[in-house]
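>>> Please find the sequence and the predicted model below.
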Amino acid sequence: MLLERLYRSLYLIRRVEEEVARVYSSDVILSPIHLSIGQEAISVAVCQALAADDVVFGSYRSHALYLAKGGDLRGMLAELYGKATGVAKGKAGSMHLLDTSVHMMGSSAVVGTTIPHAVGYALALAMRGEPRVVVSFFGEGAVEEGVFAESLNYAALKRLPVLFVCENNGYAIHTPQQARQALPDVCAKAESLGVAAECFAELDAERLYHRTSEVVAELRSGARGPVLFECHCYRWREHVGPAEDFAIGYRPRSEAEPWLAGDSLACLARKLDPTQRDAIEQQVERQIADAFRYAQDSPWPGAEELYTDLFA
Ligand SMILES: Cc1ncc(C[n+]2csc(CCOP(=O)(O)OP(=O)(O)O)c2C)c(N)n1
């Protein structure tokens, strides 16, 4: 049932990141962390509408995307701990999650860089006639990068099967979008480049799921060119790190309150039967406890790994 699937995925991601935040001060996690808390419903809803072999690319804020795409929780946590059992053998950390087994083909610390990668992948799929789609996730800060315009132009020109998903949380680090962009309307920018665009002003996981399903079916059939979704959301924690940062002055807590009150996880929880919900939560809590133990107990990479899998 859709509601249960959405809730299970969202609950897992929220609780994993809360646990990551909780253990972070003990330095067991050896990677900078950019948490998705508050924004997770976007990855969850979009990925539930994808087939297993559809492809996703993300930014450095990609724990939610990786887990929503069916990623390996044990492998992700071991990666954050820098262990040999991590999805990238401990070399990538939180910001460069990549796992070809679930078709998560890249995430990057450098803003905007995976947008052209996603378009290139979609071009390859189109040339091979494979009915798969690519989804490129990025923040509204990435829209300021030159590659955004170049990539959207090319995807529109070649009518490539790409869904661009802009997670617009209103800030790049500490600077609001209005102080950075003369035209803070991501949909208008996309449309000016020939890409059809839709704005989601609220985080409604079920609505986003249904609309993504429709668009993905059209993209898969080759019936249309690329589409951009601008999904408004709010980052509850600091830009990088585990804490809240309302006290440092760049944004007031009052701005967060409507988003906290409209929490996607709580909204879905209210729609579920309490017995069902408890069962899901208990299973997920066990899964999380197991995965943290696995990360903690896993071995460090050996010195012989220092120069393997490196392309620099
Ligand atoms: C090319 C590049 N320029 C600048 C930075 C520094 N930087 C890191 S995160 C960030 C903000 C990006 O904001 P956004 O794309 O909206 O994503 P969010 O952090 O809100 O998820 C910036 C400017 C970078 N990593 N890469």
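Nice, I can see it.

>>> if you go through the stretch 51-200 of the chain in chain order, where are the strands?
55-59, 104-108, 134-139, 162-168, 171-172, 175-176, 196-200 (DSSP state E, counting those that start in this stretch).

>>> which one of those strands lies closest to the ligand?
strand 134-139 (2.3 Å; C-beta to the nearest ligand atom). Placement of C-beta: from N, CA and C, glycine included.

>>> Put the alpha carbons of stretch 163-179 into PDB.
Taking C-alpha atoms only, stretch 163-179 is exported to PDB below (Å, rounded to 0.1, in the frame of the first residue of the first chain):
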ATOM      1  CA  LEU A 163      13.300  14.900 -14.500                       C
ATOM      2  CA  PHE A 164      15.100  17.800 -12.800                       C
ATOM      3  CA  VAL A 165      14.100  18.100  -9.100                       C
ATOM      4  CA  CYS A 166      15.000  21.300  -7.500                       C
ATOM      5  CA  GLU A 167      14.800  21.100  -3.700                       C
ATOM      6  CA  ASN A 168      14.300  24.700  -3.000                       C
ATOM      7  CA  ASN A 169      14.900  25.200   0.700                       C
ATOM      8  CA  GLY A 170      15.400  29.000   0.300                       C
ATOM      9  CA  TYR A 171      19.100  29.200   1.400                       C
ATOM     10  CA  ALA A 172      22.500  28.600   0.100                       C
ATOM     11  CA  ILE A 173      24.500  28.100   3.300                       C
ATOM     12  CA  HIS A 174      23.400  31.300   5.100                       C
ATOM     13  CA  THR A 175      22.200  33.500   2.200                       C
ATOM     14  CA  PRO A 176      18.500  33.600   1.200                       C
ATOM     15  CA  GLN A 177      17.600  33.000  -2.400                       C
ATOM     16  CA  GLN A 178      16.200  36.600  -2.800                       C
ATOM     17  CA  ALA A 179      19.600  38.000  -2.000                       C
END
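
>>> going forward can the numbers begin at 739, since that is how I track them
Done: numbering now begins at 739, and the last item shifts to stretch 901-917.

>>> If you count neighbours, what's buried in that stretch?
901, 902, 903, 904, 905, 906, 907, 908, 909, 910, 915 (16 or more other C-beta atoms under 10 Å).

>>> Can you narrow these down to the ones near the ligand?
907, 909, 910 (C-beta under 6 Å from any ligand atom).

>>> out of those, which one sits closest to residue 1014?
Within these, the smallest distance to residue 1014 is 30.8 Å, found for residue 907 (C-beta to C-beta).

>>> That closest one touches residue 974, doesn't it?
No - Residue 907 is beyond contact range of residue 974, at 9.5 Å (criterion: C-beta atoms under 8 Å).

>>> and for those two, which residues touch both?
Counting by C-beta atoms under 8 Å, 6 or more residues apart in numbering, the common neighbours of residue 907 and residue 974 are residue 776.

>>> For the ligand, tell me whether stretch 842-859 is touching it.
Yes - figure legend: stretch 842-859 in contact with the ligand (C-beta under 6 Å from any ligand atom); contacting residues 847, 848, 849.

>>> which of those are buried?
Buried among the residues of stretch 842-859 next to the ligand by 16+ other C-beta under 10 Å: residue 849.

>>> okay, the residues of stretch 842-859 next to the ligand in TSV with pLDDT next?
Output for the residues of stretch 842-859 next to the ligand, formatted as TSV (pLDDT from 0 to 100):
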residue	pLDDT
847	97
848	98
849	98
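
>>> Take the residues of stretch 842-859 next to the ligand and keep only those in helices.
The members of those all map outside helices under DSSP state H.

>>> Which residues of the stretch 789-938 of the chain lie near the ligand?
Counting by C-beta under 6 Å from any ligand atom, the stretch 789-938 of the chain sits next to the ligand at 799, 847, 848, 849, 877, 878, 879, 880, 907, 909, 910, 911.

>>> Count the neighbours of the closest residue to the first one other than its chain neighbours for me.
With C-beta to C-beta, 6 or more residues apart in numbering as the measure, residue 772 is the residue that lies nearest to residue 799, at 4.1 Å, once sequence neighbours are left out. When counting by other C-beta atoms under 10 Å, one arrives at 20 neighbours for residue 772.

>>> Then residue 952?
Using other C-beta under 10 Å, residue 952 has 10 other residues around it.

>>> In three-state terms, label it for me.
helix (DSSP: H, G, I helix; E, B strand; the rest coil).

>>> And the pLDDT at it?
In this model, residue 952 is scored at 98, pLDDT.

>>> which residues of the protein fall in helices?
740-762, 778-786, 801-806, 811-818, 852-866, 884-895, 924-930, 943-958, 991-999, 1002-1009, 1012-1035.
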